[in-house]
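Novice: Sharing a model that was predicted from the sequence below.
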Amino acid sequence: MTRRFMRLMALAIAVILMIGVFAACAGNNEEDAAPPAQQDSSDNSEVPELASQWSEFSKHHSKPVTWFEQGWTGPEKDKDIIGPEIEKRTNFHMDYIPMTVPTGNDYTQKLNLMVASNEVPDIFFGGNDSYTRTIYEKLGQTGKIWDISEIIKDYDNLYKLVYPELVLYKTKDNTNYFVPTQTGRGNEVLNEPPHGLYVRKDFLDKLGMDYPKTPTEFKEYLRRCKEEITVNGQKANGLVLGENLSGIEQLYEPFFPLIGDHESYTLPFDPNDNWKVKNYEYTDSPELMQAAKYIYSLNAEGLLDKEALTIKQAQVQEKASSGTASAITAAWWDMNTYSDNAKQIVPELMYVAPPIMYNSEEIKKSRLRDWTNWVGGWSSVIFNKDKVDEETLRHFLAVMDYLATEDGQMLVQAGVEGVTYKFNEEGKYEFIPEFVKKTNNLDWNKAAAYGVFYYSQLVFNVPAIRDKQTVSPALVREDNKLGWENRQEIRDHYKADMDPPKDYYFLPGEIELQKFPAIRDAKLEFWAKVLSAKSEAEVEKLVHEWGKTCKDMGIDEIIAERQAYIDNFQIVE
């Protein structure tokens with residue numbers, strides 16, 4: 001039984017249980033019924049000045065906000081200065097409740113439990129993948145969460161910021177059950193450190209090598225590290241992938257002429273071929289064959305960590321923090337943490353993201369496409385209709401509306417003037433050295449302990465404060481800055497005023513949502529078999545079998561559905 005089938009079954013059971021809970025609640029007598037949810041609207045607090053602009057701020061409200069966290073952490077009670085400042089300015093107290101999950105599967109289980117147990121948080125900050133949106137739609141259809149499609153129009157700053165996403169994610173019933181957050185226009189697109197693959201700059205310097213730009217150069221780098229580098233008497237290790245082969249795409253994508261972005265990722269549309277869907281990954285394509293043989297060779301020659309197939313996240317952190325790994329795949333904020341830990345053992349250590357690797361100049365030319373702000377959001381906010389009344393909902397939306405302004409963004413992105421930052425003679429804000437030091441060069445998680453950066457996940461609108469920025473906070477760190485500089489070629493293709501092309505508005509259809517997760521699960525098994533292969537001949541056989549497996553699992557139907565979507569799509573003004 002595939003994990004996708006189990007997930008769909010869990011969703012079905014969750015919805016049935018939820019309906020059962022509703023029926024049971026309806027059948028209870030008044031003595032057994034729970035009292036109506038109470039809204040904290042104490043009038044004891046002082047009315048903030050901003051109440052003259054947002055009347056919602058004239059009354060105090062308090063609500064627990066549950067935050068999904070996977071690989072990042074939030075405010076600490078004795079350090080948080082942003083949450084209290086938000087309350088001071090807006091009269092809304094957010095009681096921070098973390099929902100920490102180590103993996104995507106754990107997050108899915110939390111969503112299923114949320115529905116099955118009928119315990120939807122008052123306010124929930126969650127992800128924005130298709131499964132999350134499916135859960136939200138089920139909750140909305142049963143009246144558990146608010147439809148914000150009309151009420152959000154009263155909050156102009158917020159509405160304008162997320163309008164394209166509201167259009168993109170509107171259901172067939174013309175409803176929006178969540179506020180899209182960390183969206184395309186508001187999120188940082190130019191000054192974000194790169195994710196993905198990291199190599200040791202200190203090793204490169206010792207070896208007299210430049211950053212690897214091709215798979216061949218990367219392989220040579222790993223080989224020389226293993227043969228020539230020692231760390232405190234230990235030989236350097238190879239590439240450390242994440243749990244469940246997380247990051248392996250960094251090794252096979254250099255062979256693909258197109259990879260897509262966001263929802264079109266892995267089955268891209270070709271803008272130079274009438275937006276035809278291109279399939280390099282879910283068939284026995286020559287590109288996949290070449291990539292599979294390359295990855296097999298890395299493992300066969302001992303250039304991958306020997307525990308790649310079985311490693312758990314705790315082991316990844318241990319290996320990354322040991323200072324012996326030649327390369328690692330990770331998100332940039334995790335890499336910052338790993339590096340800081342490892343520097344206690346190897347002070348000169350520095351992991352840096354190299355340039356994007358391409359197997360040929362032709363592939364590089366195909367991939368370097370002009371781009372602009374994407375249409376989509378990394379995260380979302382929902383409101384429990386039983387626990388959050390309209391007055392409180394409006395208050396929270398007003399808070400988000402304020403946070404979308406320059407003043408609000410200064411608070412969540414920079415903090416409190418005189419405490420975390422100050423303005424220089426040019427009117428640009430600079431973080432105070434003491435704050436930089438105690439957050440270890442503005443490490444995201446360490447700054448989030450004070451609330452800085454963390455609350456910006458609710459409303460991310462960097463353009464509102466662009467003229468007040470000097471260097472992006474994440475780029476204060478030298479390792480992040482060097483990785484960012486290595487991706488200048490990508491930024492050269494950014495066009496701020498470019499209209500988003502058709503594929504930016506793509507969302508998966510019903511066939512894809514039903515069939516693709518199982519294929520992705522099978523893909524993990526395929527790569528595990530490639531790593532376990534005993535010969536190139538066995539790899540060739542595996543690739544051909546993989547192509548047949550994908551056909552049997554419905555990849556052609558998925559491609560046909562994607563093609564029909566893009567062929568029929570029209571951008572309506």
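Specialist: Perfect, I can see it now.

Novice: What about the closest residue to Phe423 other than its chain neighbours, how many residues nearby?
Specialist: Once flanking residues are discounted, Phe423 sits nearest to Tyr429: 5.6 Å by C-beta to C-beta, 6 or more residues apart in numbering. Any C-beta I mention is one placed from the backbone N, CA and C, and that applies to glycine too. Using other C-beta atoms under 10 Å, Tyr429 has 20 other residues around it.

Novice: Show me how the chain divides into domains.
Specialist: Using automatic domain parsing, the domain parsing of the chain gives 3-189+377-469, 196-368+522-568.

Novice: from the chain's centre, how far out does the longest one sit?
Specialist: Meaning domain 3-189+377-469. 15 Å (C-alpha atoms, centre = their mean, to the nearest Å).

Novice: quick one: Ala537 is in a strand?
Specialist: No: the assignment for Ala537, made by DSSP: H, G, I helix; E, B strand; the rest coil, is helix rather than a strand.

Novice: Which residue, neighbours along the chain excluded, lies closest to the residue nearest to the spatial centre of the chain?
Specialist: In the chain, the residue lying closest to the centroid (C-alpha atoms, centre = their mean) is Trp378, at 5.4 Å. In space, and not counting its chain neighbours, Trp378 is closest to Gln182: 4.0 Å by C-beta to C-beta, 6+ apart.

Novice: Alpha carbons of the helix or strand where that neighbour lies, in CSV - could you do that?
Specialist: Gln182 is part of strand 179-183, with elements assigned from DSSP states H and E. Only the C-alpha atoms of strand 179-183 are listed here, as CSV (Å, rounded to 0.1, in the frame of the first residue of the first chain):
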residue,chain,number,x,y,z
VAL,A,179,-5.2,33.9,3.6
PRO,A,180,-2.1,33.1,1.4
THR,A,181,1.0,34.3,3.2
GLN,A,182,4.7,34.7,2.1
THR,A,183,3.4,35.4,-1.4
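
Novice: Flag the shaky bits of the protein, pLDDT-wise.
Specialist: Within the chain, the stretches with pLDDT under 70 are 1-45, 571-573.

Novice: how much space is there between Leu251 and Ala327?
Specialist: Distance, Leu251 to Ala327, using C-beta to C-beta, to the nearest Å: 10 Å.

Novice: more neighbours, these two?
Specialist: Set Leu251 next to Ala327 and count neighbours by other C-beta under 10 Å: Ala327 wins out with 27 against 24.

Novice: Secondary structure of that one: a strand, I assume?
Specialist: Yes: according to three-state DSSP, Ala327 belongs to a strand.

Novice: residue contacts, it?
Specialist: Listed by C-beta atoms under 8 Å, 6 or more residues apart in numbering, the contact partners of Ala327 are Leu197, Tyr198, Val199, Arg200, Phe218, Tyr221, Leu222, Gly238, Leu239, Val240.

Novice: what helix or strand does the fifth one sit in?
Specialist: If you go by DSSP H and E, Phe218 is part of helix 215-228.

Novice: tell me what that helix is packed against?
Specialist: If you count contacts as 3 or more C-beta pairs under 8 Å, 6 or more residues apart in numbering; DSSP states H and E, helix 215-228 packs onto strand 196-200, helix 201-207, strand 237-240, helix 286-300, strand 325-330.

Novice: Could you pull out the buried residues of that helix?
Specialist: Going by neighbour count (16 or more other C-beta atoms under 10 Å), the buried part of helix 215-228 is Pro215, Phe218, Lys219, Tyr221, Leu222, Arg223, Arg224, Cys225, Lys226.

Novice: Of these, which is the nearest to Pro48?
Specialist: Phe218 (54.4 Å; C-beta to C-beta).

Novice: Could I get the contacting residues of the closest one?
Specialist: Val199, Pro212, Ala327, Pro354, Met357.

Novice: cool, and Ile82?
Specialist: Pro75, Leu411, Val412, Gly415, Val416, Tyr450, Gly451, Val452, Tyr454, Tyr455.

Novice: Kindly recompute the last result at 6 Å.
Specialist: Contacts for Ile82 (C-beta atoms under 6 Å, 6 or more residues apart in numbering) come out as Gly451, Tyr455.

Novice: Met115 and Gln141, how far apart?
Specialist: In this structure residue 115 is Val, not Met. Distance, Val115 to Gln141, using C-beta to C-beta: 12 Å.

Novice: Name the residue in the two with the higher neighbour count.
Specialist: Taking other C-beta under 10 Å, Val115 and Gln141 do not tie; Val115 has more neighbours (23 against 15).

Novice: hang on, that one is in a helix, isn't it?
Specialist: Yes: remark: Val115 belongs to a helix, assigned using three-state DSSP.

Novice: Remind me which helix or strand Gly483 belongs to.
Specialist: Assigning secondary structure by DSSP H and E places Gly483 in helix 478-485.

Novice: Other residues contacting that helix?
Specialist: Contacts of helix 478-485 with the rest of the structure, by C-beta under 6 Å, 6+ apart, involve Pro193, Pro194, Met350, Val352, Ala353, Ala474, Leu475.

Novice: May I have that helix as CSV, with CA atoms only?
Specialist: The C-alpha trace of helix 478-485 is given here as CSV (Å, rounded to 0.1, in the frame of the first residue of the first chain):
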residue,chain,number,x,y,z
GLU,A,478,29.6,35.9,4.8
ASP,A,479,28.7,32.3,3.8
ASN,A,480,25.2,33.3,2.8
LYS,A,481,26.5,36.3,0.9
LEU,A,482,29.0,34.2,-1.1
GLY,A,483,26.3,31.7,-2.1
TRP,A,484,24.1,34.6,-3.1
GLU,A,485,26.9,36.0,-5.3
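
Novice: Would you mind pulling up the elements that the helix or strand following it packs against?
Specialist: Per DSSP H and E, the first helix or strand lying C-terminal to helix 478-485 is helix 488-491. Under the contact criterion of 3 or more C-beta pairs under 6 Å, 6 or more residues apart in numbering; DSSP states H and E, helix 488-491 touches no helix or strand at all.

Novice: buried ones in helix 488-491?
Specialist: Residues Ile490 are the ones in helix 488-491 that count as buried (16+ other C-beta under 10 Å).

Novice: Stretch 535-551 too?
Specialist: The neighbour-count check on stretch 535-551 (16+ other C-beta under 10 Å) flags Val539, Glu540, Leu542, Val543, Trp546, Gly547, Thr549, Cys550 as buried.

Novice: circling back to that earlier point, most neighbours, which of the contacts of Phe218?
Specialist: Of those, Ala327 is surrounded by the most neighbours, 27 neighbours in total, counting by other C-beta under 10 Å.

Novice: Next, work out how far apart that one and Ala236 are.
Specialist: Look at Ala327 and Ala236: by C-beta to C-beta, they are 10 Å apart.

Novice: for Tyr221, same thing?
Specialist: Using C-beta to C-beta, Tyr221 is found at 11 Å from Ala236.

Novice: same check, this time on Glu361
Specialist: Distance, Glu361 to Ala236, using C-beta to C-beta: 30 Å.

Novice: Please say which of the two ends up with more neighbours.
Specialist: Taking other C-beta under 10 Å, Glu361 and Ala236 do not tie; Ala236 has more neighbours (20 against 9).

Novice: Next one: that one from Trp333, what distance?
Specialist: Plainly put, Ala236 is 24 Å away from Trp333 if you go by C-beta to C-beta.

Novice: now Pro501
Specialist: Pro501 is 30 Å from Trp333, by C-beta to C-beta.

Novice: Over to Phe57?
Specialist: Distance, Phe57 to Trp333, using C-beta to C-beta: 32 Å.

Novice: residues contacting Lys63?
Specialist: Neighbouring residues of Lys63 by C-beta under 6 Å, 6+ apart: Asp122, Ile123.

Novice: hmm, back to that, which member of the contacts of helix 478-485 is positioned nearest Ser532?
Specialist: Within those, the smallest distance to Ser532 is 28.8 Å, found for Ala353 (C-beta to C-beta).
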